[in-house]
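In: Sequence and predicted model, in that order:
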Amino acid sequence: MSVLKSRYKRPTRPYSQKELSDLHNKNLSSLGIGFTNVCHTKCGHSYYVKTGGRKERLIKESNNDRDIGNCSICWKMGRTPPELRSYANEIINAYLDDKEYEMNSKENRLVHRSIELERVFFTWLYLEAY
């Protein structure tokens with residue numbers, strides 16, 4: 001089953017900000033993703049790139065995070081089976097909306113739902129093979 005079809009399960013207990021931060025870092029680390037961000041102006045997508053990857057290297061060398069290579073989200077969407085594309089669109093839109101909210105929010109609090117959404121998004125983007 002695709003990670004795109006997974007359902008969010010609410011936590012059964014409260015999480016501290018430290019626990020959520022550790023979970024966030026663990027998720028990204030286990031997926032091989034760092035905190036280097038790339039933005040694509042043509043499609044409006046923005047996401048973290050793989051640690052040690054070509055895009056990360058180019059971003060660091062050029063000191064520019066705009067339009068480095070092709071958009072991985074658009075590329076992956078083109079290879080996602082038609083029956084999963086609506087799920088992928090939902091995840092993409094939710095991730096990008098969540099990310100934009102976090103960037104514009106004055107409150108810097110982590111939320112379990114956002115961390116889980118990010119995990120699903122990057123698992124689809126970088127690990128699912130079609």
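Out: Received, thanks.
In: So, low pLDDT: which residues of this structure?
Out: 103-106 (pLDDT under 70).
In: need the longest strand for it.
Out: strand 33-39 (DSSP state E).
In: what's it in contact with?
Out: 28, 45-51, 55-56, 59-60, 65-69, 122, 126 (C-beta atoms under 8 Å, 6 or more residues apart in numbering). For every residue, glycine as well, the C-beta is placed using N, CA and C.
In: Kindly supply the ChimeraX command isolating those of those that are buried.
Out: Buried members of the contacts of strand 33-39 can be picked out in ChimeraX with the line below, counting by 16 or more other C-beta atoms under 10 Å:
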select :28,45,46,47,48,49,50,55,56,59,65,68,122,126
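In: quick revisit: toward the C-terminus, what is the element adjacent to the longest strand of the chain?
Out: Using DSSP states H and E, the helix or strand that follows strand 33-39 towards the C-terminus is strand 46-50.
In: Partner strands of that following strand and their direction?
Out: Next to strand 46-50 in the sheet, as set by DSSP bridges, lie strand 33-39 (antiparallel).
In: The partner strand: how far from the chain's middle?
Out: On the basis of C-alpha atoms, centre = their mean, to the nearest Å, strand 33-39 sits 9 Å off its chain's mean C-alpha point.
In: got the buried residues for it?
Out: 33, 36, 38.
In: Leaving out sequence neighbours, find the closest residue to the first one.
Out: In space, I33 comes closest to Y48 once its chain neighbours are excluded; the distance is 4.9 Å by C-beta to C-beta, 6 or more residues apart in numbering.
In: Ok, the second one next?
Out: If you skip the residues right next to it in sequence, T36 has E56 as its closest partner in space, 4.7 Å away by C-beta to C-beta, 6+ apart.
In: show me the contacts for the one you found.
Out: By C-beta under 8 Å, 6+ apart, the neighbours of E56 are 34, 36, 49-50.
In: Which residue ranges of this structure form helices?
Out: Secondary structure of the chain by DSSP state H: the helices cover 17-30, 54-62, 72-79, 85-104, 112-126.
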